[in-house]
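In: Here is a sequence together with a model predicted from it:
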Amino acid sequence: MMTERSDKLLLAVDLTGTFVFALEGAMTAIQFELDFFGVMVLSFATALAGGVFRDLLIGAVPPASLRDWRYAATAFTAGAGVFFFHHFLLQIPSPLIVGLDAAGLSLFAMAGTEKALDYKMHPFIAVLMGTITGVGGGTVRDIFLAHVPSVLQSDVYATAAMAGAVVMIAGRKAGLSPAKAAALGGVACFTLRIVSVWQRWSLPRVTAP
Amino acid sequence: MMTERSDKLLLAVDLTGTFVFALEGAMTAIQFELDFFGVMVLSFATALAGGVFRDLLIGAVPPASLRDWRYAATAFTAGAGVFFFHHFLLQIPSPLIVGLDAAGLSLFAMAGTEKALDYKMHPFIAVLMGTITGVGGGTVRDIFLAHVPSVLQSDVYATAAMAGAVVMIAGRKAGLSPAKAAALGGVACFTLRIVSVWQRWSLPRVTAP
Amino acid sequence: MMTERSDKLLLAVDLTGTFVFALEGAMTAIQFELDFFGVMVLSFATALAGGVFRDLLIGAVPPASLRDWRYAATAFTAGAGVFFFHHFLLQIPSPLIVGLDAAGLSLFAMAGTEKALDYKMHPFIAVLMGTITGVGGGTVRDIFLAHVPSVLQSDVYATAAMAGAVVMIAGRKAGLSPAKAAALGGVACFTLRIVSVWQRWSLPRVTAP
């Protein structure tokens, strides 16, 4: 049984991930010279679209991030913060941003996989749902900006989310508690992402003939 | 309790909004030289995607506009009308189009906010749903055309929808009847939109460094 | 009543359609030099997004293609096959691809129309759902690639799906069994598509003034 304390911890962690992704969405919006509303939309979409889409697909409607107003409030606070204080944010060292983003990705991938399993999805589909939760927001952001989603083109990003989800499910099958399996999967996702950025790994691609 | 008469009035108003937005979608499709099917899709999407998306999010499935065939029929009639008679439509004076569009926006924003409240969403989320209902169709239209949605870039458009939704909810909290609160919110949205076009207002934006 | 045997036949036919559309999605992904993950996503989306979207709209949640892991597995197998053996696939004669694609379109359009009728949608809406099932995957693929969906621009493609759906529903109203009506509609869709490619038919369009 989940205690109230662990519930609060989960919410805090989840809102932190929302805040980080919303910051990144807002900074992208400013690079593309969107107006204040555009910054808000990109904050919201980058932070929450992955989870919203997962919830629509598994039948958890209304999506969690619309049932609890604190998700939207967190995303909009981050967006407004970037809008008014972007000068300071530009001075954040890039490795810190990569680290925060990897942490957000790990968290969202684990939360998405776990929720899909709770909704009785097949483990294979749960891995997909975890990946969608992690990368869906960035994909919607890129579609809004009329770009080919960067997650389709390069980097070990979705792959890290997927690997983490696989590790988590394997951990559960091997008898770990859900919390330990999620921690293990999250560490796997985070590590793979960080190492791949550091080593400049990319997925293979085929050169069009 | 809603009388049958007010029900019929609401449907008539709703279908009018659908017709206006479908006209605009079709005219955009013709500017982009889409074929007959493309014109139909853009009519349908511009008119109905906002409401469809709201209904998916609040769990009102199937969406209202797919439960009652008259919504789709209205959108397609408008689309076919534009396809065959676009020469005449191009002569409609631009202020009339802006006025009709602002009326459609006001109506959709009020209807969306009200429906979200009916589905027990938090007022803050209901404002979001009203805004999505108003601007979702135009956003999907722009994504189909591989453009950054214009609503993210300029103009007081989504802001007008959002302001109208806030006024409506504030009116209810202050004790107005739902009908009066909706009328007040609709007038606020309409007025803000018209004045902002007339005065060429835009939302602030940050210049990328 | 549906026998187990016809059920198995239907599944086999459905997975064949999924395989064909996933092949096409993957080949497009390779043309656009997406990485391995991008090829997988485009395989999945092209094959399954139409049905997923239909299921969300009619309230069949979770979508069929997420309830049965074999759909995703089929799509990913096709995608991986294209990634590793694309040299061979490029030698498939183009008429065979057009024929397979037309068969996939016919199948998806019939399956989508039938499912919408099962969910008590109005016949007019069922035709829309059949069309969305047939063309939704290609539309999502084009949006991922930041293109105006080709289905909006040219060719008798969506129109063939729509015509097949209309024929199927008319056949049912005329007293044909569901199976015979679906076969008739599928043949109509397939024939119209093939003849239109052969004769280079296009839908009319309006030249922007």
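Out: Happy to help now that I have it.
In: And for the residue of chain A found nearest chain B, nearest residue in space, chain neighbours not counted?
Out: In chain A, the residue that lies nearest chain B is A:Gly38 (3.4 Å; Cβ to the nearest Cβ). All C-beta spots, glycine's among them, are computed from the backbone N, C-alpha and C. Beyond its immediate neighbours in the sequence, the residue positioned closest to A:Gly38 (Cβ to Cβ, 6 or more residues apart in numbering or on different chains) is B:Leu152, lying 3.4 Å away.
In: residues contacting that neighbour?
Out: Taking Cβ atoms under 8 Å, 6 or more residues apart in numbering or on different chains, we find B:Leu152 in contact with A:29, A:34-35, A:37-38, A:41-42, A:144.
In: which one of those residues has the most neighbours?
Out: Counting neighbours by other Cβ atoms under 10 Å in any protein chain shown, the top entry in the contacts of B:Leu152 is A:Ala29, with 31 neighbours.
In: Reduced to three states, what does it come out as?
Out: helix (DSSP: H, G, I helix; E, B strand; the rest coil).
In: For it, which residues are in contact?
Out: Contacts for A:Ala29 (Cβ under 8 Å, 6+ apart) come out as A:38-39, A:41-43, A:79, B:152.
In: so the nearest residue to it once chain neighbours are set aside is in which element?
Out: Distances taken as Cβ to Cβ, 6+ apart put A:Leu42 closest to A:Ala29, at 3.9 Å, once the chain neighbours are dropped. If you go by DSSP states H and E, A:Leu42 is part of helix A:36-58.
In: From the contacts of A:Ala29, pick the one nearest chain C.
Out: Distance to chain C across these (Cβ to the nearest Cβ) is lowest for B:Leu152, with 15.5 Å.
In: Got the phi and psi for the closest one?
Out: Here is the backbone geometry of B:Leu152 (degrees, to the nearest 10): phi -90, psi -10.
In: likewise A:Asp68?
Out: Dihedral angles phi and psi of A:Asp68 (degrees, to the nearest 10) take the values phi -120, psi 110.
In: That one: neighbour count?
Out: A:Asp68: 16 neighbours (other Cβ under 10 Å).
In: secondary structure class for A:Val61?
Out: Quick answer, by three-state DSSP: A:Val61 is coil.
In: Same check on A:Met110?
Out: helix.
In: which ones are touching it?
Out: When contacts are counted by Cβ under 8 Å, 6+ apart, A:Met110 touches A:130, A:164-165, A:168, A:182, A:185-186, A:189.
In: again, only using 6 Å
Out: With contact taken as Cβ atoms under 6 Å, 6 or more residues apart in numbering or on different chains, A:Met110 is in contact with A:182, A:185-186.
In: got the residues of chain A near chain C?
Out: Applying Cβ under 6 Å from any Cβ of the partner chain, we find that chain A lies next to chain C at A:58-59, A:122, A:124-125, A:146-148, A:152-154, A:158-159, A:203-206, A:208.
In: Of these, which count as buried by neighbour count?
Out: By neighbour count, with 16 or more other Cβ atoms under 10 Å in any protein chain shown, the residues of chain A next to chain C hold A:58-59, A:122, A:125, A:146, A:148, A:152-154, A:158-159, A:203, A:205-206 as buried.
In: Let's see which of the residues you listed end up in helices.
Out: Among these, the residues falling in helices (DSSP state H) are A:58, A:125, A:158-159.
In: quick one, what contacts the most centrally placed residue in chain A?
Out: Most central in chain A under Cα atoms, centre = their mean is A:Gly134, positioned 3.3 Å from the mean C-alpha point. A:Gly134 sits next to A:105, A:108-109, A:161 when contact means Cβ under 6 Å, 6+ apart.
In: Top of these by number of neighbours, please.
Out: The residue in the contacts of A:Gly134 with the most neighbours, by other Cβ under 10 Å, is A:Ala109 (34 neighbours).
In: OK, contacts around it?
Out: A:Ala109 makes contact with A:130, A:134, A:161, A:164-165, A:189, according to Cβ under 6 Å, 6+ apart.
In: Which of the residues you listed sits closest to chain C?
Out: The nearest member of those to chain C, counting by Cβ to the nearest Cβ, is A:Ala161 at 10.0 Å.
In: tell me the secondary structure for the closest one?
Out: Here A:Ala161 is recorded as helix under three-state DSSP.
In: And the one 3 residues further on, by the same measure?
Out: Secondary structure state of A:Gly164, per three-state DSSP, is helix.
In: And for A:Glu33?
Out: Following three-state DSSP, we place A:Glu33 in the coil state.
In: Quick check: phi and psi at it.
Out: Backbone geometry at A:Glu33, expressed as degrees, to the nearest 10, gives phi 60, psi 40.
In: Give me the number of neighbouring residues for it.
Out: Residues near A:Glu33, counting by other Cβ under 10 Å, number 14.
In: likewise A:Ala45?
Out: As a burial measure, A:Ala45 scores 24 neighbours (other Cβ under 10 Å).
In: three-state assignment of the closest residue to A:Ser196 other than its chain neighbours?
Out: Nearest non-adjacent residue to A:Ser196, counting by Cβ to Cβ, 6+ apart: A:Val156, 3.6 Å away. At A:Val156 the chain is in coil, as set by three-state DSSP.
In: Surely A:Val156 is in contact with A:Ile194?
Out: No. Using Cβ atoms under 6 Å, A:Val156 is not in contact with A:Ile194, being 10.1 Å away.
In: Would you mind telling me which of the two has more residues around it?
Out: It is A:Val156, of A:Val156 and A:Ile194, that has more neighbours when counted by other Cβ under 10 Å, with 21 against 18.
In: Distance check, the more buried one against A:Ser94.
Out: Separation of A:Val156 from A:Ser94 (Cβ to Cβ, to the nearest Å): 17 Å.
In: mind checking pLDDT for the residue nearest to A:Gly38?
Out: At B:Leu152, the model reports a pLDDT of 90.
In: before we move on, what about A:Ala208?
Out: Confidence at A:Ala208, expressed as pLDDT, is 55.
In: Show me the two of the buried ones among the residues of chain A next to chain C that sit farthest apart.
Out: Pairwise distances across those peak at 36.5 Å for A:Gly59 and A:Val206 (criterion: Cβ to Cβ).
In: Could you dump the contacts of A:Ala29 into TSV with distance to A:Pro178 added?
Out: Below are the contacts of A:Ala29 laid out as TSV (distance: Cβ to Cβ, whole Å):
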residue	distance to A:Pro178
A:Gly38	39
A:Val39	37
A:Val41	34
A:Leu42	33
A:Ser43	31
A:Gly79	33
B:Leu152	39
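In: For C:Leu10, state which of these is nearest.
Out: Nearest to C:Leu10, judged by Cβ to Cβ, of those is A:Val41 at 41.6 Å.
In: if I pick the closest one, what's in contact with it?
Out: Counting by Cβ under 6 Å, 6+ apart, A:Val41 makes contact with B:Leu152.
In: swap in A:Ala47?
Out: Neighbour list for A:Ala47: A:18, A:21-22, A:75, A:137 [criterion: Cβ under 6 Å, 6+ apart].
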